[in-house]
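Colleague: make a model of this:
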Amino acid sequence: MNKAEVRSIIESTLTSGDKAPGLFDLPKILKVKFKLESCDSITEVVAILEDHRSLISKSFGLSDSVFDASVKKLKTLETDA
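Modeller: Predicted coordinates:
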């Protein structure tokens, strides 16, 4: 798994949202970030993103279509590897 490429996809998705995490969401988002950083496969990354979809979407102001497109890009990386 190319962690830099995975990070790039996730970061570009999050910055495309129209919000930043609030004070109370920030600790939860950081926990998700640490979980993502410890992943060894794209399957793990996708599972964590899906498990925390609501928190991530709400905190960063992401629409379902943007979130889904990001997950699709990640899954494409997995099949290309």
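Colleague: where does pLDDT dip in the protein?
Modeller: Along the chain, segments meeting pLDDT under 70 span 80-81.
Colleague: for it, longest helix please?
Modeller: Criterion DSSP state H: the longest helix present in the chain is helix 64-80.
Colleague: who touches it?
Modeller: Residues outside helix 64-80 that contact it (CB atoms under 8 Å, 6 or more residues apart in numbering): 1-2, 5-6, 9-10, 13, 16-17, 41-43, 45-46, 49-50, 53, 56-57. Yep, even glycine has a C-beta here, placed from its N, CA and C like the rest.
Colleague: so which of the residues you listed belong to helices?
Modeller: Counted as lying in helices by DSSP H, out of these, are 5-6, 9-10, 13, 42-43, 45-46, 49-50, 53, 56-57.
Colleague: of those, grab the buried ones for ChimeraX.
Modeller: Listed next is the ChimeraX selection for buried residues among these, using 16 or more other CB atoms under 10 Å:
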select :6,9,10,13,42,45,46,49,56,57
